[in-house]
Structure formats: C-alpha cells, structure tokens
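Participant: sequence and predicted structure are below.
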Amino acid sequence: MGERATIGDVAARAGVGVGTVSRVLNDSRNVSADTRERVLRVIRDLDYRPNRRARALSTGRTQSIAVIAPFATEPSVVERLRGIAHVLHGSDHDLTLLDVATPDQRDHQYRAVAAGDRFDGLLAISLAPTDDDANQLVRSGLPTVLLDCEHPDLPRVVIDDVRGGMLATRHLLQLGHRRIAFMGEVADDRFRFSASARRREGCELALQAYGLALKEPYVRTGPHGRAVAHRLTDELLALPEPPSAIVTSSDTQALGVIEAASSAGMRIPQELSVVGFDDLEVAAYVGLTTVRQPLRTSGDIAARLLLERIGGPLGDPVEKMLELELVPRRTTTAVAGA
C-alpha cells in the first residue's frame, strides 16, 4: 500500500503553499474561490485526511465533544444519543461518551471537563449541574448545552414535565377514571434528577382541576426499572380499593405495571388502564398509551445548538422547549358506565 498523502503533497499538486491548504481546511475566507476549488479537488484525488492532532494544534480545537450521560444503556438515553450522533456524523467532531453510574462519577466528570482542554464542547444529558459546576463551565468558556436538565446560566433543550404529567392524567380523567395512582422514581438529590417529581406535580394539578387529590396510598416510587415497577404494582393492586388507572413516569415503568397486572390475572385496559411517558419504540409494539416526547429530535437539536456555539459567539443561555403529545393506544379505556 502507498504512503498516506501529506499536506505537503496536496500543496505541491495544487501549486500552492502549505499555508494555503491549511486555510482551505480551516474554511478561512482569505482564499480565492478558484484556489479553494483546486485545493479541494486535489484533496479528493489524493484522499488526503488531515492529522487530527496537528489540526488541533493549529486551530486550538480538539475536534471532540464530550457527552455526559447517566446510565447510557437506558432506552431514553440511547435515543437522545442517536440524535446527537446523527448531527456530529456530518461535522468535524467526534463524540466522547462519559457514562455516569454514581454521584461521584457525575461530580468528577463535570469537574474534569470544565478544568481540562480535551473537548471543544459539552452536552450534558439529564444531569443538571450544580451552581458551582455551571460557574466553572461559564468561566472556562467551554461551549455547553444541557439536554433534559436545566440551569439558568446555560443553554438547554427541555420539555415541560409538569405539562406531561397533566396530559397523562387528564386523559384518564376524561375517560371517567377517579382512582388514579402515580408511579415514579424515588427522589435522589445526588443525581439531581427532577423529571419524575415534576410529572407527579402535573398529575396532582390535573386531579385538582377535577376537585380530586392524589391520595398517598396511590403514590409509589422506587428505583427506575421494570422489576421494581412490577413490585410496586403488586402493592397498589393489594390495596382494599385498588386504582382503576396508573400514570407512570416512564414507558419502562409502564411495562412493569403491565407485566404485574397480567400476572395477577387482570385485564388491561378493562380492569386497569396504564399510561407511560417517552414513547419508546416498544410502546407502539405493546400498544401502550403514553406521553410522547421527541427523544431523538431533542438530541439532534441540542447537538446543532452546541455546534453553533462552538463555531460562533456563546451568546445568551437560550432555552428551547419541545412539544409533548398524548398518544392513546390499547392500554387505556373508559370506565364501565362512565
């Protein structure tokens, strides 16, 4: 096999200096259109690929973007990563995933990214920074975008979780349900997760609008997962007056509810209606009524916003609020006689 073409080979073939080739690679305006086209043609002919390390030294950029994400194999995180990867695939940047499974890892990753010079930008999924984290990121000048989490000093792409909880609960209320339970994730301030608590708040607000309250026996929380949701559902179904419907804070929990109800011999939705949240691919397959949030699109939007900030001024910490939609399917139905 022949040796890999160098920037000197490109310059010699195009009849220009190495500096001119470098300016073309860095998209500088100080190159005429004819010269730019000639250099680009030679680059294609020679299949020249710039050395990333050398280019980083000349541009001051690493061509790499950090993505801090919790439990990266979770379906909702995977969908967001797909949107991010789709955008970065068409850019000059690689994605470096920093998976977080413990609060200590979360704190370490934020500090390390803000203090170092390994990345051109940061995307943080669902892990809201502390005030100290945000201050350090702002002082460092590192372009940062938050996805599914918030801080007033940083740009973010978010949804209205309270409204999502209201959409799910209002759907059940309109079907005649009054004994409505809520199943969410246990509060963990160490990770600073807030989506489940906000969805519960939306559930409570929807019930209040009908003159009802979310009764404490009808509230169940636990670590995220189908097995836990299965156990919590068993507890709800064992109540003297079990709920006729359950609002969950994720599709994963909703699947656990369905499994537990089926194991107990209950018919869904005739005896128990279930609403999820996210609209993962599996939701349509099992016919799950759910609140759809644009997971992959949110990753796409966040990545584009970050690239804009890397390529230009940081600007104000804008907020992009994405729309939610209630998607009725086979796991909800009207109360008999309602």
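Facilitator: Ah, there it is.
Participant: in terms of contact, does residue 250 touch residue 226 like I think?
Facilitator: No - under the contact definition of CB atoms under 8 Å, residue 250 does not touch residue 226, with a separation of 9.9 Å. Bear in mind the C-beta positions are built from the backbone N, C-alpha and C, glycine included.
Participant: do you know how far residue 16 is from residue 212?
Facilitator: Note on residue 16: its distance to residue 212, by CB to CB, to the nearest Å, is 75 Å.
Participant: equivalent analysis for residue 18, please.
Facilitator: Shown here: residue 18 relative to residue 212, a distance of 74 Å by CB to CB.
Participant: same question, residue 278
Facilitator: Between residue 278 and residue 212 the distance is 26 Å, computed by CB to CB.
Participant: between the two, point out the one with more neighbours.
Facilitator: A side-by-side neighbour count of residue 278 and residue 212, using other CB atoms under 10 Å, places residue 278 first with 24 against 15.
Participant: measure that one to residue 21 for me?
Facilitator: As judged by CB to CB, residue 278 and residue 21 stand 47 Å apart.
Participant: ok, residue 322 next?
Facilitator: 42 Å.
Participant: more crowded one of those two?
Facilitator: Higher neighbour count among residue 322 and residue 21: residue 21, with 27 against 15, using other CB under 10 Å.
Participant: now do the contacts for the more buried one.
Facilitator: Residue 21 makes contact with 7, 10, 11, 14, 39, 43 under the criterion CB atoms under 8 Å, 6 or more residues apart in numbering.
Participant: now with 10 Å?
Facilitator: 6-14, 31, 35, 39-40, 42-43, 48, 50 (CB atoms under 10 Å, 6 or more residues apart in numbering).
Participant: give the next helix or strand downstream of the lowest-mean-pLDDT helix or strand in the chain.
Facilitator: Sorted by mean pLDDT, DSSP states H and E, the helices and strands of the chain end with helix 52-59, the least confident at a mean of 51. Sequence-wise, the next helix or strand downstream of helix 52-59 (DSSP states H and E) is strand 64-70.
Participant: parallel or antiparallel, list what pairs with that next one.
Facilitator: According to DSSP bridges, the neighbouring strands of strand 64-70, each with its direction, are strand 94-100 (parallel), strand 121-125 (parallel).
Participant: what's the mean pLDDT across that strand?
Facilitator: Taken as a whole, strand 64-70 has an average pLDDT of 93.
Participant: kindly report the same for stretch 142-156.
Facilitator: 95.
Participant: quote the end-to-end distance of it.
Facilitator: This stretch, stretch 142-156, spans 15 Å end to end (CA to CA, to the nearest Å).
Participant: in it, which residues are buried?
Facilitator: 142, 143, 144, 145, 146, 147, 148, 149, 151, 154, 155, 156 (16 or more other CB atoms under 10 Å).
Participant: equivalent analysis for stretch 209-224, please.
Facilitator: For stretch 209-224, burial by neighbour count (16+ other CB under 10 Å) applies to 214, 218, 219, 220, 221, 222, 224.
Participant: what does the pLDDT read for the first one?
Facilitator: We note a pLDDT of 96 for residue 214 in this prediction.
Participant: report the contact partners of it.
Facilitator: By CB under 10 Å, 6+ apart, the residues touching residue 214 are 169, 180-182, 200-201, 203-208, 247.
Participant: how about it, secondary structure?
Facilitator: Using DSSP: H, G, I helix; E, B strand; the rest coil, the secondary structure recorded for residue 214 is coil.
Participant: skip the chain neighbours and tell me the closest residue to it.
Facilitator: residue 204 (4.8 Å; CB to CB, 6 or more residues apart in numbering).
Participant: same deal with residue 97?
Facilitator: When the adjacent residues along the chain are set aside, residue 97 lies closest to residue 67, with 5.3 Å between them (CB to CB, 6+ apart).
Participant: residues near the one you found, how many?
Facilitator: Counted by other CB under 10 Å, the residues lying close to residue 67 total 27.
Participant: same question for residue 334.
Facilitator: Neighbour count of residue 334, defined by other CB under 10 Å: 13.
Participant: just confirm it contacts residue 328, I think it does.
Facilitator: No - in this structure, residue 334 sits apart from residue 328 without contact. The criterion is CB atoms under 10 Å, and the distance is 11.2 Å.
Participant: okay, and the common contacts of these two?
Facilitator: Counting by CB under 10 Å, 6+ apart, the residues touching both residue 334 and residue 328 are residue 175.
Participant: from residue 314, how far off is the residue nearest to residue 330 when sequence neighbours are not counted?
Facilitator: Ranked by CB to CB, 6+ apart and with sequence neighbours excluded, the top spatial neighbour of residue 330 is residue 287, at 3.3 Å. When distance is defined by CB to CB, residue 287 is 45 Å away from residue 314.
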